[in-house]
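[1] take this sequence and fold it.
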Amino acid sequence: MPQRKESLTLKQKAEEQREREHERERERERERAQDSSPPLRPQAPPSKLSPATTHPASHPLQQRGLTRSEAVRLTIPAIGVDGGLQSLGLNADHKTMQLPGPARAGWYKQGATPGETGPTIVVGYIASQRGPGVFSHLNALKVGSRVELRRADGQVVIYGVDQVATYSAKNFPTTKVYAPTQVPTLRLITCGGLLRQGAPMGNVVVYGHQVAVRS
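    Model (predicted):
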């Protein structure tokens with residue numbers, strides 16, 4: 001009996017040790033998630049424009065684009081997003097983008113402004129230590145969903161969603177996401193937090209194109 005009792009005790013200790021190791025790994029994963037930032041190389045030349053980022057220039061607004069005016073507000077009715085935007089630049093490494101606060105999306109000011117020819121880039125958190133982020137439900141968008149960006153000059157650029165894609169952190173398609181486009185396009189990108197419980201870190205990217213401008 002003493003030997004059996006000792007054996008059970010050792011087994012329990014081993015299980016407790018494994019559980020502690022798993023908890024430490026989960027904690028490290030959560031910490032890494034808070035620091036995740038989508039890679040950004042705006043000057044990287046595209047090898048080929050993706051079908052998701054090219055559209056016939058049949059719409060007159062798409063043919064000429066608008067003059068430059070900063071993005072100030074983001075509205076996505078389908079997932080309840082409606083709020084002001086932070087203005088974002090590059091980090092000191094000149095390779096990654098500055099990140100907004102968890103509850104507010106950010107517009108990359110060195111890229112296209114809403115309605116200009118090229119991709120307008122907006123970034124937001126999935127989650128932070130304080131809870132869900134502004135883009136926590138971004139992957140729930142569907143093809144055809146509408147996204148609105150208000151400009152500093154008062155005009156509102158409306159985009160239609162073309163594609164909702166999920167990428168692992170190691171397979172983020174920098175060229176496809178940031179490549180120049182021939183018409184006004186949109187990229188909504190998540191940062192921070194896990195895509196789903198137990199999954200590796202990654203990014204949701206929403207691709208869209210301009211469909212209308214409202215004054």
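
[2] show the pLDDT at Asp35.
    Here the pLDDT value assigned to Asp35 is 45.

[3] scratch that, Arg146
    Value for Arg146, per-residue pLDDT: 98.

[4] which residues does it bridge with?
    In this structure, Arg146 bridges to Gly160 when assessed by DSSP bridges.

[5] wait, doesn't it sit right on Val157?
    No: contact criterion CB atoms under 8 Å: Arg146 and Val157 do not qualify, at 10.9 Å. Bear in mind the C-beta positions are built from the backbone N, C-alpha and C, glycine included.

[6] so the two - more neighbours on which side?
    Using other CB atoms under 10 Å, the more surrounded residue of Arg146 and Val157 is Val157, with 25 against 16.

[7] buried ones in the host helix or strand of the more buried one?
    Here Val157, judged by DSSP states H and E, is contained in strand 156-168. Across strand 156-168, burial judged by 16 or more other CB atoms under 10 Å covers Val156, Val157, Ile158, Tyr159, Gly160, Val161, Asp162, Val164, Tyr167.

[8] looking at this structure, which helix or strand is least sure?
    helix 60-64 (a mean of 48; mean pLDDT, DSSP states H and E).

[9] for burial, what's the neighbour tally of Ile189?
    24.

[10] hey, what's it bridged with?
    Val123, Val205.

[11] give me the distance between it and Glu21.
    Going from Ile189 to Glu21 by CB to CB, to the nearest Å gives 33 Å.

[12] what's the answer for Asn91, then?
    Distance of Asn91 to Glu21, given as CB to CB: 33 Å.

[13] I'd like the buried residues of strand 156-168 as a markdown table, with distance to Val204 appended.
    Converted to a markdown table, the buried residues of strand 156-168 look like this (distance: CB to CB, whole Å):
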| residue | distance to Val204 |
| --- | --- |
| Val156 | 24 |
| Val157 | 21 |
| Ile158 | 21 |
| Tyr159 | 16 |
| Gly160 | 17 |
| Val161 | 12 |
| Asp162 | 14 |
| Val164 | 7 |
| Tyr167 | 8 |
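
[14] between those, which is closest to Arg150?
    Val156 (5.0 Å; CB to CB).

[15] wait, what's in contact with that closest one?
    Contact analysis of Val156 by CB atoms under 8 Å, 6 or more residues apart in numbering lists Glu148, Leu149, Arg150, Val213, Arg214, Ser215.

[16] return the distance of the strand or helix carrying the fourth one from the chain's centre.
    If I follow you right, that is Val213. Assigned by DSSP H and E, Val213 belongs to strand 202-214. Computed by CA atoms, centre = their mean, to the nearest Å, the separation of strand 202-214 from the middle of its chain amounts to 11 Å.

[17] got the CA coordinates for that strand in PDB?
    Coordinates of each C-alpha in strand 202-214 appear next as PDB, following Å, rounded to 0.1, in the frame of the first residue of the first chain:
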ATOM      1  CA  GLY A 202      -2.300  35.700 -37.000                       C
ATOM      2  CA  ASN A 203      -4.100  38.400 -38.900                       C
ATOM      3  CA  VAL A 204      -7.600  38.800 -40.400                       C
ATOM      4  CA  VAL A 205      -7.400  41.000 -43.500                       C
ATOM      5  CA  VAL A 206     -10.500  42.500 -45.200                       C
ATOM      6  CA  TYR A 207     -10.100  43.600 -48.800                       C
ATOM      7  CA  GLY A 208     -12.500  46.100 -50.300                       C
ATOM      8  CA  HIS A 209     -12.900  48.600 -53.100                       C
ATOM      9  CA  GLN A 210     -14.700  51.900 -53.400                       C
ATOM     10  CA  VAL A 211     -18.300  51.800 -54.500                       C
ATOM     11  CA  ALA A 212     -19.500  55.400 -53.700                       C
ATOM     12  CA  VAL A 213     -18.700  58.800 -52.200                       C
ATOM     13  CA  ARG A 214     -21.200  60.700 -50.100                       C
END
